Structures are given as C-alpha cells and as structure tokens.
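Peer 1: how would this look folded up:
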Amino acid sequence: MKPIARVIPLLLLGSLMPALHAAPAAAQTPSPGGLRVGDRLVATGGVTQIEGAAGGGLNPWALIAGYGTREQIGGSAFHTRIRTRGGYELESTGLAVGFRNRVELSAATQRFDLSDTVPGKSIDVDVIGAKVRLFGDAVYDQDRWWPQVSLGLSWKHNRDSGLVPTLLGARRKSDVEGYVAATKVYLGLVGGFNLLTNVTVQATRANQFGILGFGGDKSDSYKLMPGASVALLVRDNLAVGLEYRDKPDNLSVFREDAATDVFVAWFPYKSLSVTAASVDLGTIANKRRQRGWYLSGQLAF
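Peer 2: So this is what the prediction gives:
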C-alpha cells in the first residue's frame, strides 16, 4: 500500500512559510492579557499534515500549531478528504493546540475506505501527538544559519488491525513513532519571494502510515525515514510547493513506495487556509500508481 491514500492533503502546509510581513519585533512582543491568541504572522503555524501535526500535508514541520506567541495559546482544526484513481478514499480530521509557541499537542482520526480491494470495508486509525521546539525560530532568526528544530512523538492505534493488516502480515496494531524536524524560512531569497525549506527524519515501522498496521514479516524494526518539503510564497497569502516522504517496506505481500505531492495553499483570511494538491502514493495494496487529488481546509487561531 502506498503512502496513505491522499494523506497528501497535508501538503497544504507549504503555505505556512509566508510569515514575513509585519515587523518581527512586534510579532514577538508579549501581549497584555496573557492568553490572548492570534498575534503571530499569517501562515507561521503551517497547515496540518494528515496525522494532525503542524507542517505540510505529508511531513510534520518544526513549526508549532496556531498563532500563539511566546505568551499565548494558539491552535488549529482541520479536515481533509482525498480520493485516488483506484477508488481509495481517506478522510482525516483533527485539532492541535500550541502552548507559548513552544509545545504542541495534537489529535487526529483517519478513515481509509478500502475501495473494491475489500468492498464495503474501511480502516480507522487514531493518532495522538506531541511536539516541542528545541531551539531556533524559522522566521525571525534571519541573522543565524541554523533552522528551527523540533522533536516530536506520536502514538498511533489501528482500530481495525484484524480486518486486513494482520492478514497481510502486520505485527502490531499500535505503535509509537518519533521524529526530528528542521524548518527554515528565507525571506526574499528567490526573486524577492520567501522560500520555506523543511527536513524531517522519522523513526517508524508503520505500514502506509499505520493504515496497514505496524511492522511485518520482512521487518519489525524501527527505520529512519527521510522527508523533505519546499514551498515558495508567490503572494502574501498564496504558496506553492512540493513534498517527499519515504516509508518503510515491511510487508512482503505488497511493495510500499515513497509518497510525493505538489500543492497550492491559499490563506484568504488569517484564520482560514485551503490547500489543494496532486499526490502520488505509489502502490497501495493491489493497486499500482495510485495518484489523486485532495482538498483540505484548516481554521487557526
């Protein structure tokens, strides 16, 4: 099975990089009132990736969800729906809360429709995540070479592991994953436009992001899987970009491929973003070359 059908929705995240108009000092100044939210710049919380973390559609980024500054609480909620040409459908819904632009807690639930591979059946996966910013600021540290770096953990539980995953050779129905993400925004780097770059390394043994369980007959060990994202802010509220996410190949019955996508993220309002993407998930179960479109919406504060 390939990268979770339409997980791609997350791609939207590229849009986040924009954060560059207001004066950095003003954006970082603590607001009187303590927990009033929303003082960070547009798109600086990113969009939401399929597993609920702030980032791109495919990869979690080092950014913290929402628009809360160092003295505030922020957050976001999202819904994504994707359909591949083979009839697979993925719906992902969740929310994330960012505390003082330092710690993020997230929760998401996914439903994956198995199309005619297993007619009338679907698989549900729950994800609980936590992320902490270790050092750096992706936007405001323009005079420093190092990026913003965050460490994240997620717990995934496949509620239907006995339906298909176990039959295919998956060893576990639940697992914990860890990742390190480094994100940097370069203001005006490309023809005066802002460029966002992100690199993520994830320790995982998930099959199709956990849709087909964890571990398998070929391997039940954690593997370090790389991911990368690049986004260009072509307008104050519009970003285009692409992503890559590699995945372990644990099941001998089907080959698992890396996932890629090309996305456009639009922020018509500071609190609202809409992302559309074309994604290539490779082989999913018995269907090869699973490509499709996805649409994702996010509300942030």
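
Peer 1: show me the strands in the stretch 101-250 of the chain, by range?
Peer 2: Assigned strands in the stretch 101-250 of the chain, in chain order: 103-113, 122-135, 148-158, 174-190, 193-204, 223-235, 238-245 (criterion: DSSP state E, counting those that start in this stretch).

Peer 1: need these in JSON lines (columns: mean pLDDT).
Peer 2: Putting the strands of the stretch 101-250 of the chain into JSON lines (pLDDT from 0 to 100) gives the following:
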{"stretch": "strand 103-113", "mean pLDDT": "96"}
{"stretch": "strand 122-135", "mean pLDDT": "97"}
{"stretch": "strand 148-158", "mean pLDDT": "98"}
{"stretch": "strand 174-190", "mean pLDDT": "94"}
{"stretch": "strand 193-204", "mean pLDDT": "96"}
{"stretch": "strand 223-235", "mean pLDDT": "95"}
{"stretch": "strand 238-245", "mean pLDDT": "95"}
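
Peer 1: so which of those is nearest G213?
Peer 2: strand 148-158 (5.4 Å; CB to CB). C-beta here means a position set from N, CA and C on the backbone, and glycine is covered the same way.

Peer 1: so how many other residues sit close to W145?
Peer 2: 7 (other CB atoms under 10 Å).

Peer 1: and for S122?
Peer 2: The number of residues packed near S122 is 17, by other CB under 10 Å.

Peer 1: give the bridge partners for it, please.
Peer 2: S122 has these beta-bridge partners by DSSP bridges: D113.

Peer 1: need the contact list for it.
Peer 2: R111, F112, D113, L114, D160 (CB atoms under 8 Å, 6 or more residues apart in numbering).

Peer 1: do that again at 10 Å, thanks
Peer 2: E89, L90, E91, Q110, R111, F112, D113, L114, S115, D160, L163, I211 (CB atoms under 10 Å, 6 or more residues apart in numbering).

Peer 1: got the contact list for the closest residue to the fifth one other than its chain neighbours?
Peer 2: So that's R111. Nearest-residue entry for R111: E91, 4.9 Å, with adjacent residues in sequence omitted and distances by CB to CB, 6 or more residues apart in numbering. Each residue near E91 by CB under 10 Å, 6+ apart is listed here: 6, 9, 79-83, 109-113, 122, 124.

Peer 1: how about R81?
Peer 2: 6, 9, 89-93, 111, 293-297.

Peer 1: cool, S106 as well?
Peer 2: Counting by CB under 10 Å, 6+ apart, S106 has contacts 48-49, 51-54, 60, 65, 75-76, 78, 94-98, 127-131, 152, 154.

Peer 1: need the buried ones from those selected in PyMOL.
Peer 2: To isolate the buried ones among these in PyMOL, judged by 16 or more other CB atoms under 10 Å, type:
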select buried, resi 48+49+51+52+53+54+60+65+75+76+78+94+95+96+97+98+127+128+129+131+152+154
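
Peer 1: where does pLDDT dip in this structure?
Peer 2: 1-39, 41, 43 (pLDDT under 70).

Peer 1: go again with 50.
Peer 2: The chain contains residues with pLDDT under 50 at 1-37.

Peer 1: quick one: the helices in it?
Peer 2: For the chain, the helices defined by DSSP state H cover 24-28, 165-168.

Peer 1: dump the contacts of S122 to a markdown table, plus distance to V190.
Peer 2: Output for these, formatted as a markdown table (distance: CB to CB, whole Å):
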| residue | distance to V190 |
| --- | --- |
| E89 | 36 |
| L90 | 32 |
| E91 | 35 |
| Q110 | 34 |
| R111 | 38 |
| F112 | 37 |
| D113 | 39 |
| L114 | 42 |
| S115 | 40 |
| D160 | 45 |
| L163 | 47 |
| I211 | 36 |
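
Peer 1: give me the most central residue, the chain.
Peer 2: Q49 (2.2 Å; CA atoms, centre = their mean).

Peer 1: if we can go back for a sec, rebuild the strands of the stretch 101-250 of the chain as a markdown table, extending it with distance to D141.
Peer 2: Shown next, in a markdown table, are the strands of the stretch 101-250 of the chain (distance: least, CB to CB, whole Å):
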| stretch | distance to D141 |
| --- | --- |
| strand 103-113 | 19 |
| strand 122-135 | 9 |
| strand 148-158 | 7 |
| strand 174-190 | 8 |
| strand 193-204 | 14 |
| strand 223-235 | 18 |
| strand 238-245 | 20 |
